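Peer 1: Curious how this folds, go ahead:
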Amino acid sequence: MLVTDWGDLDHVNDQHMAIPGMIIGMQETWNPEHIPDETEMLHRISRLEYHDASGELLDIPTHASHSACFQWNQLITWLELDDGQGGVSTEILQTIPGLLPENERPDDAIRTLQDESQIPSLAESRLMLLRYLKHHITLDETSGHLLRVCARQIATIVAATGLQATANAAVLRIAIEGQRLLNQVGLRLASDAGVVDSLQLSAASQHDDTARLAEALEIWMEAYAAQWSTVSRDSELRRLQDTVRELTDYLRFQSI
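Peer 2: Just a heads-up that it's a prediction; the model follows:
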């Protein structure tokens, strides 16, 4: 039995996130094919590993994952479409269809992506990506509310459980806040590209909102890095920080 913790597109998952998978892997090694249904298994892990008497702690990231409108791998794709010379990386361009399950891929976007008559510019490629993800990105308002609910649920469980759950809960809260900010990034990029209706704000208000989003991302990255340092040396951390810095620089430049 081999339990892996992949780090494709930079390893953004905190090491604590691997614990449930490791426990399930050990269970399968010791007693193969005798794991109860997934929900019951997560409840057992919540109680035994995280000291959560309610057994509901690990339900929260499961629910939160359904509120990911603009995901980390999609951000990396958006950034890496830039070949570093002002052009488009055709290798990255070809990966766009795989960002969504087959049954969620819009036909018109697929036809555009498969048109090999000419290589699109960087701006055109990023526009194609955002159009491809439009349906998910526009779910941000509902998803933002659900993510805030998840964060409050974690706080409630920690208050009932005490210090034993604090460290792991901090990881979950940081992850949920990061996803909430990523959702906003996706909506901002799509709005700026004209993929979704422009936000009903004045130019000055849009500048302020974008600047605040960039600042919030930097504050989040500091909290993420501080949490990372409790369990690991820097390793991939610098690359993650560079990714966030590249994004915040772009947001600030575009809002000028």
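Peer 1: what's around F253, how many residues?
Peer 2: 10 (other C-beta atoms under 10 Å). C-betas here are computed from N, CA, C, even on glycine.
Peer 1: how far away is it from L172?
Peer 2: Distance, F253 to L172, using C-beta to C-beta, to the nearest Å: 33 Å.
Peer 1: what's the answer for E246, then?
Peer 2: In terms of C-beta to C-beta, E246 sits 26 Å off from L172.
Peer 1: the more surrounded of those two?
Peer 2: L172 (25 against 13).
Peer 1: how about the more buried one, what does it touch?
Peer 2: L172 makes contact with L57, I60, P61, I154, according to C-beta atoms under 8 Å, 6 or more residues apart in numbering.
Peer 1: quick check, nearest of these to Q118?
Peer 2: Nearest to Q118 out of the contacts of L172 is P61 (C-beta to C-beta; 42.7 Å).
Peer 1: Tell me where the chain is predicted with low confidence.
Peer 2: 1, 7-10, 108-117, 163-165, 198-208, 255-256 (pLDDT under 70).
Peer 1: about what we covered before: who wins for neighbours among the contacts of L172?
Peer 2: L57 leads those on contacts (other C-beta under 10 Å) with 26 neighbours.
Peer 1: How much space separates the residue nearest to P106 when sequence neighbours are not counted from E177?
Peer 2: By the measure of C-beta to C-beta, 6 or more residues apart in numbering, the closest residue to P106 outside its immediate chain neighbours is Y132, 6.6 Å from it. Counting by C-beta to C-beta, the gap from Y132 to E177 is 26 Å.
Peer 1: In terms of neighbours, single out the busier of those two.
Peer 2: Neighbour tally, Y132 and E177, criterion other C-beta under 10 Å: the higher count belongs to Y132, 25 against 18.
Peer 1: Show the backbone phi and psi for that one.
Peer 2: phi -60, psi -40 (degrees, to the nearest 10).
Peer 1: Same check on V88?
Peer 2: phi -110, psi 140.
Peer 1: What of D82?
Peer 2: The phi/psi pair for D82 (degrees, to the nearest 10) reads phi -70, psi 120.
Peer 1: how near is it to I92?
Peer 2: From D82 to I92 the distance is 9 Å (C-beta to C-beta).
Peer 1: next one: T4
Peer 2: Distance from T4 to I92, by C-beta to C-beta: 24 Å.
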